[in-house]
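Chemist: Structure, please.
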Amino acid sequence: MTTEPTARLDLATAAPKVAKAMAELTAAAKEGLDPTLAELVQIRASQLNHCAYCLLMHTRQARKRGESEERLNLVSAWQEAATFFTAQEQAALALTEAVTLLPNGVSNEVYARAAEHFDEAELAHLIGVIFTINAWNRIAVSTGKVPGEE
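Modeler: Sure thing, here's the model as predicted:
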């Protein structure tokens, strides 16, 4: 049974220091990463977490950066549509899924695949983007953020 989203609270108003810290952490995590890659990661995690608010926000941002509709439509099926994504993007999306779906764990194979495409600093930032979007997804879902309402 689905229900219409109902805004519960605004984190920035109720806990401004938490919201500010999250925004700063997110910005720090993205440093040095390709912005398109960061958007793809945020889109995939938001899909997995069923966070409509973040999904809408990041698909809009990706479009503004020039991302194609074809690729945006295929993020959820990136493995089956591998020719649409670079090897680096595929490695990042695989790591995103592993980190987001933690009960399955992050296998050595998935980690090694990512490490082939990112140096240590880039990999650390990629993991940072993955865990910050997961935190934002949980904030948006638990506080009832309504998609399209900024």
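
Chemist: what's the neighbour count on residue 133?
Modeler: For residue 133, the neighbour count with other CB atoms under 10 Å is 28. Where C-beta positions appear, they are placed from N, C-alpha and C, glycine not excepted.

Chemist: Reduced to three states, what does it come out as?
Modeler: Three-state assignment for residue 133 (DSSP: H, G, I helix; E, B strand; the rest coil): helix.

Chemist: So it versus residue 77, what's the distance?
Modeler: As judged by CB to CB, to the nearest Å, residue 133 and residue 77 stand 19 Å apart.

Chemist: who are the neighbours in contact with residue 109?
Modeler: By CB atoms under 8 Å, 6 or more residues apart in numbering, the contact set of residue 109 is empty.

Chemist: quick one, phi psi at it?
Modeler: The phi/psi pair for residue 109 (degrees, to the nearest 10) reads phi -60, psi -50.

Chemist: pLDDT wise, what is it at?
Modeler: Note for residue 109: predicted pLDDT of 96.

Chemist: What residues sit buried inside the helix or strand bottoming out on mean pLDDT in the chain?
Modeler: The weakest-scoring helix or strand in the chain, judged by mean pLDDT, DSSP states H and E, is helix 11-14 (a mean of 92). Of the residues in helix 11-14, residue 11 count as buried by neighbour count, 16 or more other CB atoms under 10 Å.

Chemist: The residue nearest to residue 63 when sequence neighbours are not counted and residue 30: what is the separation?
Modeler: Excluding the flanking residues, the one nearest residue 63 by CB to CB, 6 or more residues apart in numbering is residue 72, at 7.2 Å. The gap separating residue 72 from residue 30 is 19 Å, by CB to CB.

Chemist: Which one's more surrounded, those two?
Modeler: Taking neighbours as other CB under 10 Å, residue 72 and residue 30 compare with residue 30 leading, 20 against 17.
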